[in-house]
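Visitor: With the input below, show me the fold.
(one chain, ligands or ions: 1)
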Amino acid sequence: MKARKKVITALDYKNMDDVKNLVELLGDEIEYYKAGLEIFLNTGGEIVDYLHSLNKKIFLDLKFHDINNTTKMACEFAARKGVFIFNIHASCGTETMYEISKMLKDMNSKSLCIAVTVLTSMTEEKMQEIFMTDASLDNMVMNMAELTGKSGLHGVVCSAWEAAKVKERCGENFVTVCPGVRPAWSASDDQKRIMTPAEAVKNGADYLVIGRPITKADDPKKAAMRILEEIEAVL
Ligand SMILES: O=c1ccn([C@@H]2O[C@H](COP(=O)(O)O)[C@@H](O)[C@H]2O)c(=O)[nH]1
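Guide: Next comes the predicted model:
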């Protein structure tokens, strides 16, 4: 099933028992998992070694955002752990992104470092308020994506609404990782820029990050299978 190569299930839990129950239940159907701040901090990072012991691929979503040296050292940690993807915020700036890209090459790292553009929980209005700008959300995402690409990083986190245009601007190989994916049958929760799994794939999303529609479902395996089937139908 090609759809398995598109879905990253977000393990937003506080303890390893919940993680293990879900990962065992989903079995071979899910290859990619996202470990974010909640599970990483609550388990002292144990999640990474656990998932690697099962040969699962990890998106380490810790969204590093700090001064140049501190961000680089955090990225060095993620690369040494050998995660498939990790991320920083694009607003760290081009100098930091360029230096991370150089460091990863010097380390012969295979990890992909991507940059968060505008969070999928953000509306245009809220973004303009925070950044004191009249720029459209779309332009903000495109600018951040272009700066990320020019700095030598591998791709971005953006909503599926922006994915096709990001690819147009930054090239087909520039990776688009898209949270804010919601099947028609699930709640949107705190996500604002949402698309269904099928729409997201059709609009250029390389990877779909999906958490609560699976983890909070009455039957998580059935939910995951419905999502995989929806994607498979458009591949
Ligand atoms: O812009 C972003 C960046 C990261 N996320 C993360 O993705 C998952 C989405 O989970 P859902 O339960 O499917 O909403 C979550 O872990 C976020 O931290 C994001 O949503 N948006």
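
Visitor: How about the longest strand anywhere in the chain, which residues are buried there?
Guide: Ranked by number of residues, the top strand in the chain under DSSP state E is strand 57-64. Across strand 57-64, burial judged by 16 or more other CB atoms under 10 Å covers 58-64. In this view, the C-beta of every residue, glycine as well, is placed from N, C-alpha and C.

Visitor: Just the closest of these to residue 227, please.
Guide: Each of these was checked against residue 227 using CB to CB; the closest is residue 59, at 16.5 Å.

Visitor: and that closest one, how far is that from residue 129?
Guide: Distance from residue 59 to residue 129, counting by CB to CB, to the nearest Å: 29 Å.

Visitor: Report the beta-bridge partner residues of the residue nearest the centre of the chain.
Guide: What sits nearest the mean C-alpha location of the chain, by CA atoms, centre = their mean, is residue 177, with 4.7 Å. Per DSSP bridges, the residues bridged to residue 177 are residue 157, residue 207.

Visitor: what's near enough to touch it?
Guide: 8, 59, 85, 87, 114, 155-158, 205-207, 209 (CB atoms under 8 Å, 6 or more residues apart in numbering).

Visitor: possible to save the residues you listed as CSV with distance to residue 198?
Guide: Below are these laid out as CSV (distance: CB to CB, whole Å):
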residue, distance to residue 198
8, 17
59, 21
85, 23
87, 25
114, 23
155, 21
156, 21
157, 20
158, 18
205, 11
206, 15
207, 15
209, 16
